[in-house]
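> what follows is a protein structure lacking sequence information:
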């Protein structure tokens, strides 16, 4: 065991010993840029007309707040969560000399053998996708039991489970959705720990040997690993996947410092005792993973995040899948904000309150582009400016660049390049988040559908607001260019509006291409395969979706929601 893990441990210690000097410099300069830009906007001498100025202040205040908190969390990171006790436990995890099938090697922690269950949550995904995940789960090193939890009630899935040797559990209803599915399985599976994988996340054989040793600390409730995507062959999939590089490389590790890293719904190992202590996985919210993490932290449990890719899944490939996924997740996030204000929780530390408040307000950043898109037309049509006439285009750009270009540079450093797909989704997703806020405020249930089971409807059904905004901005750009030519001066409002038009146009063109491809029929694409466990969460293909308005300001993970719990009957096939 020791020889098998030496090189991986050395690489991990080198990565997590501290942030690189370049990264620290970028964060510090970004923070200075954020503060300078904020002072520029708030200076009464720079204020223009009240309506556009308030719109800019409202939007930028949200973005600046999240950017500053992101910088603070990043600078707090760099501490390796792997202690001496972890390394000692990992070196002796399989005993002195394991022999035979690695899948049957005993998992020994603090002198006691642990029983581990591996859950694969299923809800209508393609049987080949489920089989790929289940076979990889069975192949995980260390003695464990693999369970397929089928809320899709598919006989084909049941037969496949029997063929490959996985245990199968079926419920006759879908009460509680994914959370209810897991809670139901916990009435049958009685392991000391259990791991959860979505049906399309293929685990690495080293998953348990990388996560189980943390359980030597009896206060650790769960160990979370990154979500990673391997199907980056569409514009939507790439834009969605590259959104979260900053989050998984820097933000979640930074939250380890505050004991505030939270579960993201898949690729996670739980301690059964901790989940029993909070009454099971939370089923009362669309964000069951964050709510469960919140309850655990309020009860004094610890969480651990390790930036090692130990499972690879599939990003939403179509506009329909992306829109439905983001609507569910955003609705769940706003439910936390509206029903459980983290800042008021006396059971959390001050640092934890701040981190959970950032999580609860995260999706407000997705609505900010709506306000910023409307500012240039106010000047073009009504001569209303957010800044007074003494502010030149060059002056505005210098302050603006201090905020936004540094965010782009941070994303560039994280990903290795800048992704135009990320900027596009960041700008055009405001209709989704606005609808989500309305749903959460009114208590409307958005329903449940697994990300991998979108029905293949026309993308035009999901981009009507974006098309209307594109047509409006295109007309406005034409008017602005005509005005500037007539006046002999090219204005900032025209440049700003044309930029927004191009971005929305790129998204509409993406919808057009997707509609044409849908009419031609499905095209076979390579299936994602597990990445080696040595792959780090910063590398480009292992990031997850969420569209920010400012790239580093939007750094939260993806989650699967849960409708209200209902009673279910069960079918168990050993």
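Looks like it arrived, so ask away. Note that the structure is predicted; figures quoted are calculated from it, not measured.
> quick one, helices of the stretch 1-150 of the chain?
Taking DSSP state H, counting those that start in this stretch as the criterion, the stretch 1-150 of the chain contains helices spanning 2-16, 21-42, 50-76, 84-91, 127-138.
> quick one: low-confidence ranges for this structure?
Across the chain, the ranges flagged by pLDDT under 70 are 1-19, 411, 414-418, 446-456, 522-574.
> by how many degrees do the helix of greatest length in it and helix 50-76 diverge?
For the chain, the longest helix by residue count, based on DSSP state H, is helix 492-520. Helix 492-520 runs at 70 degrees relative to helix 50-76, counting by axes from the mean of the first three to the mean of the last three CA atoms, to 10 degrees.
> surely residue 368 and residue 62 touch.
Yes - counting by CB atoms under 8 Å, residue 368 touches residue 62, with 5.4 Å between them. No exception for glycine: its C-beta is placed from N, CA and C like everyone else's.
> quick one: which of the helices of the stretch 1-150 of the chain is nearest residue 196?
Closest to residue 196 of the helices of the stretch 1-150 of the chain is helix 127-138 (CB to CB; 10.6 Å).
> show me which positions of the closest one end up buried.
127, 129-134, 136-138 (16 or more other CB atoms under 10 Å).
> then stretch 239-253?
Quick answer for stretch 239-253 (16+ other CB under 10 Å): 239-253.
> for stretch 177-186, same thing?
Those buried within stretch 177-186 under the rule 16+ other CB under 10 Å are 177-186.
> so which of those are in helices?
Among the buried residues of stretch 177-186, the members falling in helices (DSSP H) are 177-186.
> before we move on, back to that, name the helices or strands packed onto the longest helix of the chain?
For helix 492-520, the packing partners by 3 or more CB pairs under 8 Å, 6 or more residues apart in numbering; DSSP states H and E come out as helix 235-241, helix 319-339, helix 368-382, helix 393-415, helix 420-428, helix 464-487.
> TSV please, covering those helices and showing distance to residue 120.
Converted to TSV, the helices and strands packed on helix 492-520 look like this (distance: least, CB to CB, whole Å):
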stretch	distance to residue 120
helix 235-241	22
helix 319-339	19
helix 368-382	37
helix 393-415	30
helix 420-428	29
helix 464-487	35
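> of all those helices, which lies closest to residue 442?
Each of these has some distance to residue 442 by CB to CB; the shortest is helix 319-339, at 10.3 Å.
> ok and the closest one relative to helix 464-487, angle-wise?
Counting by the same axes, to 10 degrees, helix 319-339 lies at 90 degrees to helix 464-487.
> ok, and for helix 319-339, which residues are buried?
Using 16+ other CB under 10 Å as the test for burial, helix 319-339 gives 319-337.
> among the helices and strands packed on helix 492-520, which comes closest to residue 297?
Closest to residue 297 of these is helix 319-339 (CB to CB; 13.2 Å).
> next SSE downstream of that closest one?
Once helix 319-339 ends, the next helix or strand along the chain (criterion: DSSP states H and E) is helix 350-361.
> show me what that following helix is packed up against.
helix 50-76, helix 288-298, helix 319-339.
> off-centre distance for it?
Chain-centre distance of helix 350-361: 16 Å, with CA atoms, centre = their mean, to the nearest Å.
> list the buried ones in that helix?
Neighbour-count burial for helix 350-361 [16+ other CB under 10 Å]: 352-361.
> repeat for stretch 25-36
Residues 26-27, 30-31, 33-34 are the ones in stretch 25-36 that count as buried (16+ other CB under 10 Å).
> and the residues you listed as CSV, adding distance to residue 519?
Converted to CSV, these look like this (distance: CB to CB, whole Å):
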residue, distance to residue 519
26, 45
27, 47
30, 44
31, 49
33, 46
34, 46
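> just these now: which is nearest residue 272?
Nearest to residue 272, judged by CB to CB, of these is residue 27 at 38.3 Å.
> so the closest one sits right up against residue 76, yeah?
No - applying CB under 8 Å, one finds residue 27 not in contact with residue 76, separated by 10.6 Å.
> around residue 267, how many other residues sit close by?
Residue neighbour count, defined by other CB atoms under 10 Å, stands at 26 for residue 267.
> ok, now which ones touch it?
The contact partners of residue 267, by CB atoms under 8 Å, 6 or more residues apart in numbering, come to 196-197, 201, 203, 207, 224-227, 310-311.
> in helices, which of the buried residues of stretch 239-253 appear?
239-241, 245-246, 252-253.
> what about residue 390, which SS state?
coil (DSSP: H, G, I helix; E, B strand; the rest coil).
> follow-up on the earlier one: just the closest of the buried residues of stretch 25-36 to residue 274, please.
Minimum distance to residue 274 across the buried residues of stretch 25-36 is 33.0 Å, recorded for residue 27 (CB to CB).
> quick one: that closest one from residue 409, how far?
10 Å (CB to CB, to the nearest Å).
> cool, residue 219 as well?
According to CB to CB, residue 219 stands 38 Å off from residue 409.
> out of the helices and strands packed on helix 492-520, flag the one nearest residue 521.
helix 319-339 (16.2 Å).
> if anything else comes up later, I'll come back, but that's it for now.
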